[in-house]
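1. fold the stuff below for me.
(chains A and B)
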Number of protein chains: 2
Amino acid sequence: MTQPQVTSQDHAAALIRRLEACEPDVKAFTTYDPVRIRSDAATAKTGPLTGVSVGVKDIIDMAGYVTGHGSAIYEGNYARADAACVTQLRNAGALCAGKTVTTEFAFFRPGATVNPYGPAHTPGGSSTGSAAAVAAGIVDIGLASQTAASLTRPASYCGIVGFKPSYGRYAAAGVKSLAPSFDTLGTVTRDVATAALADAVLKGPVAAPVTLAATKPERVLLCRTPHWDEADESTHNAVEKAAVLMGAHVPVTELDMRVFSDAAALHITIMSYEASQALAWEYTHKRDMLSQQITGLLEAGQKISYATYRAALEKAQALREAIAAFATPGTVMLAPAAPGEAPLLTEGTGSPIFSRLWTLLRLPTLTLPGLTGKNGLPVGVQLLAGFGADEELLNYSAWAETVLPSLPAPVLCFNKGNV
Amino acid sequence: MTQPQVTSQDHAAALIRRLEACEPDVKAFTTYDPVRIRSDAATAKTGPLTGVSVGVKDIIDMAGYVTGHGSAIYEGNYARADAACVTQLRNAGALCAGKTVTTEFAFFRPGATVNPYGPAHTPGGSSTGSAAAVAAGIVDIGLASQTAASLTRPASYCGIVGFKPSYGRYAAAGVKSLAPSFDTLGTVTRDVATAALADAVLKGPVAAPVTLAATKPERVLLCRTPHWDEADESTHNAVEKAAVLMGAHVPVTELDMRVFSDAAALHITIMSYEASQALAWEYTHKRDMLSQQITGLLEAGQKISYATYRAALEKAQALREAIAAFATPGTVMLAPAAPGEAPLLTEGTGSPIFSRLWTLLRLPTLTLPGLTGKNGLPVGVQLLAGFGADEELLNYSAWAETVLPSLPAPVLCFNKGNV
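-> Below you'll find the predicted structure:
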């Protein structure tokens, strides 16, 4: 007996079924169009991502779709071309589901998306819809980005893998900029293997072979960070439990991070200064359509002098050199991913405090799910490696994934809740 | 008697007169629209750039104008918003004339623009139209960009000042990317003072005070570069004459640059790899509308492995650290800007060899006019300083401008040829 062949139209039909089953509850998408999905499937290429579905954060261009940037200012803003990352994924065979909800200009003002693990809770921001769509099982890969904590935090809240590579690893052409010193494209997925599969496609013009091999690191460096006291018991317990579980196999030591105490403040200075330029047109011409959150950021940036900004850039560079002494080959760093479980929807998208430092340092970070907090909601932990050691980090993370427990499926899940 | 007040409509009328007088000969613009210029003038702000006119390179968005990127692929590509730099200039009072000719995607395929100093010669590329429009006296500031030699070379050929600041100094939001490790926004102007005026506006969200003060450097470091033999006698003579003229006031020593011999090759590797991602959509979907030059670049990039690219990035970083030992406070470096005078239009836009090194190193560079070559055409020289020492470089350049001779007005010039 021969195996029945799965066609690209079968992949399209399954994706549309998942969208129709889950999307009314999850509200992860700004746009999806079954007609486009089927026509894209008809011309889909064959490659390493054949059968893999993708949600595209709505600050990333997809030809023929509106790029809305989470703002009414960009209503009807149809993109002429696919962003580089969308082209790369499609050239490798992936099928794009549509555009996923982002907070306003990838900053704070949320959309309507809910957390598949607790529909009264936020999925986090700004890569809100990509994280929720992946958690709910609608798509396999969510394109996401991070300027402060926009990928790590939603991954933690939604119980999925969030991979923010080293700064600059994935091409940013066709992605709206917020603060170019930090803007980093990455992915959310349900496992490390899919993050590695996407990485092999996104790191260059031609899909590279996947080299993932689960590897035990030589040591774990526990990084409570200078902000440990801002995390609650859910995060404290998750990080300490991960340290115990990993520590059963490899030595765990703790890094005194007092020298990095300024990092979050430096991050805010640089981000504000750069955002107030990146969004200068919106502020000048469409101010009444901007939220108070974002005008607050931009006006803070306008008050910073060039000398202060330059000094912050130089201090940031010094901190990058300082961390390199610890983020050595064989080392994986373990840190909190967010201050606790997902807050209620009414409380906003959560605090970026546990990512500002790492985004400033430009290190690759992978948020790993498996642990839960006091309300039973997911609490991720961050694993980090040295700048450019992305493949090593993926290998260590694939090992750590076998050491941490697995989460149950979320309440709003195609395979569980809706079929 | 009171001075008659010059109104914004007077500025608009004068700009339109210059455009109508020169543009038929120079062909510097892809679009200009007298109606838009007058309506922009009617709502122009008052600020440090009141009365200053700007040409906007056609890879930079200007709301309501087509951004054509020098390619038929982007026909009818109306921009929704102004780029950050355009917003900053307008907020400071500047009046935008229109979009200036760029080579295809800021690479090599030229437009129809001619060199105002010799209409059979190229103005250089890729910032072709901005350089020609400034040289001809149509606009005061040309927005330009450089990924290899796209600002320095046209400035040299057109006998004007070209200021490419330190990498990242001006905001790139709304500017088409070619190779993000190198893409740098800058300006072309007729003098250093105007470059400094634009710098005070472009370096931050709010226009800063202009601090320009002509300053004699402590030393000049003559940098023939590893490519000296690829320049002809026009460039040799110009650089050596500049060294003699500056050397009458400050000590000149020579820098042995053999350690930088690989820089140009590293630049090509990184640029090809990144361009093949930045233009992935165009290559995938519109290949038949691309020139052989650009498909050659992209296909070269597709053949480079990630490991080779990463190694090139790391070597580039090491070279940046190496040059910092020489580009010290008080030092201005003097180097060739182009291999010679502007080639004939039929020969292309000239070689980028004398800028690849400096673009890789990310240093601020200012091309200064004043000298001429064997055919009487302009030959600029590059002045450079350490990373981040942009204000110092402007100050040293304002001094050097007083030491070098002045060029006569070009043949195609609003003040000379056409009135």
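2. check contacts around A:Tyr157.
-> Counting by CB atoms under 8 Å, 6 or more residues apart in numbering or on different chains, A:Tyr157 touches A:115, A:117, A:121-124, A:131, A:338, A:341-342, A:350, A:377-378, A:380. The way it works is simple: take the backbone N, C-alpha and C, and place the C-beta from them, glycine included.
3. that's a strand at it, yeah?
-> No: checked against DSSP: H, G, I helix; E, B strand; the rest coil, A:Tyr157 lies outside a strand; its state is helix.
4. quick one: it from chain B, how far?
-> From A:Tyr157 over to chain B the distance is 29 Å, taken as CB to the nearest CB, to the nearest Å.
5. confidence score at that residue?
-> pLDDT recorded at A:Tyr157 is 98.
6. how about the one 10 residues further on?
-> At A:Tyr167, the predicted lDDT confidence score is 98.
7. and the closest residue to A:Val175 other than its chain neighbours, how many neighbours?
-> Leaving aside its chain neighbours, A:Val175 sits nearest to A:Ile60 (5.1 Å; criterion: CB to CB, 6 or more residues apart in numbering or on different chains). Other residues lying near A:Ile60 total 27 when counted by other CB atoms under 10 Å in any protein chain shown.
8. A:Ala44 now?
-> 21.
9. which residues in chain A form helices?
-> A:8-26, A:34-42, A:84-91, A:128-135, A:152-158, A:192-202, A:233-247, A:263-278, A:280-285, A:292-302, A:306-324, A:353-361, A:390-403 (DSSP state H).
10. so where's chain A uncertain?
-> A:1-3, A:416-419 (pLDDT under 70).
11. my guess is A:Leu221 contacts A:Ala335, does it?
-> No: between A:Leu221 and A:Ala335 there is no contact under CB atoms under 8 Å: 9.1 Å.
12. show me which of these two is the more surrounded one.
-> A:Ala335 (26 against 19).
13. partner residues bridging the more buried one?
-> A:Gln382 (DSSP bridges).
14. next one: A:Val56
-> With DSSP bridges as the criterion, A:Val56 is bridged to A:Lys99, A:Leu143.
15. now A:Pro119: closest residue in space that isn't a chain neighbour?
-> A:Pro119 sits nearest to A:Leu412 (CB to CB, 6+ apart), 6.2 Å away.
16. can you report phi and psi for the one you found?
-> Main-chain dihedrals, A:Leu412, degrees, to the nearest 10: phi -100, psi 90.
17. is it true that it touches A:Gly118?
-> No: in this structure, A:Leu412 is not within contact of A:Gly118 by CB under 8 Å, at 9.1 Å.
18. quick one, which of these two is more surrounded?
-> A direct count of neighbours by other CB under 10 Å for A:Leu412 and A:Gly118 places A:Leu412 higher, at 26 against 22.
19. quick one: that one and chain B, what's the gap?
-> Going from A:Leu412 to chain B by CB to the nearest CB gives 34 Å.
20. how near is that residue to A:Gly159?
-> 12 Å (CB to CB, to the nearest Å).
21. common neighbours of the two, please.
-> A:Tyr117.
22. domains in chain A, as residue ranges please.
-> A:9-260+A:320-403, A:263-318 (automatic domain parsing).
23. run the chain-centre distance for the longest one.
-> For domain A:9-260+A:320-403, the separation from the chain centroid amounts to 2 Å (computed by CA atoms, centre = their mean, to the nearest Å).
24. ok, now the last one?
-> Using CA atoms, centre = their mean, the distance from the centre of domain A:263-318 to the centre of the chain it belongs to is 22 Å.
25. again, but for stretch A:7-21
-> Taking mean C-alpha positions (CA atoms, centre = their mean), stretch A:7-21 and its chain are 24 Å apart.
26. buried residues in that stretch?
-> A:8, A:11-12, A:15-16, A:18-19, A:21 (16 or more other CB atoms under 10 Å in any protein chain shown).
27. what's the closest of those residues to chain B?
-> A:Ser8 (17.5 Å; CB to the nearest CB).
28. quick one: that closest one and A:Ser39 touch, right?
-> No: counting by CB under 8 Å, A:Ser8 does not reach A:Ser39; the two are 10.8 Å apart.
29. and stretch A:263-283, what's buried?
-> A:263-264, A:266-283.
30. what of stretch A:282-289?
-> Applying 16+ other CB under 10 Å to stretch A:282-289 flags A:282-283 as buried.
31. now swap in stretch A:143-153 and tell me
-> Quick answer for stretch A:143-153 (16+ other CB under 10 Å): A:143-153.
32. stretch A:403-414 now?
-> So, applying 16+ other CB under 10 Å, buried residues of stretch A:403-414: A:403-404, A:407, A:409-410, A:412-414.
33. end to end, how far does that stretch reach?
-> 26 Å (CA to CA, to the nearest Å).
34. could you do stretch A:278-297 as well?
-> The separation between the terminal residues of stretch A:278-297, taken as CA to CA, is 12 Å.
35. is that stretch in proximity to chain B?
-> Yes: shown here: stretch A:278-297 in contact with chain B (CB under 8 Å from any CB of the partner chain) through A:278-282, A:284-285.
36. adding distance to A:Val175, write the residues you listed out as a markdown table.
-> Below are the residues of stretch A:278-297 next to chain B laid out as a markdown table (distance: CB to CB, whole Å):
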| residue | distance to A:Val175 |
| --- | --- |
| A:Ala278 | 12 |
| A:Leu279 | 14 |
| A:Ala280 | 18 |
| A:Trp281 | 17 |
| A:Glu282 | 16 |
| A:Thr284 | 22 |
| A:His285 | 22 |
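37. nearest to A:Thr87, of the residues you listed?
-> Closest approach between the residues of stretch A:278-297 next to chain B and A:Thr87, by CB to CB: A:Ala278, at 23.0 Å.
38. that closest one touches B:Ala173, doesn't it?
-> Yes: counting by CB under 8 Å, A:Ala278 touches B:Ala173, with 4.3 Å between them.
39. who touches both of the two?
-> A:177, A:180, B:84.
40. A:Thr253: what's it in contact with?
-> A:Thr253 touches A:219-222, counting by CB under 8 Å, 6+ apart.
41. any of those buried? List them.
-> Among the contacts of A:Thr253, those classed as buried by neighbour count (16+ other CB under 10 Å) are A:220-222.
42. closest one of the buried residues of stretch A:403-414 to A:Leu313?
-> Using CB to CB, A:Leu404 is the member of the buried residues of stretch A:403-414 that lies nearest A:Leu313, at 36.4 Å.
43. contacting residues around the residue nearest to that closest one when sequence neighbours are not counted?
-> Nearest non-adjacent residue to A:Leu404, counting by CB to CB, 6+ apart: A:Gly370, 3.5 Å away. A:Gly370 sits next to A:242, A:380, A:401, A:404-407 when contact means CB under 8 Å, 6+ apart.
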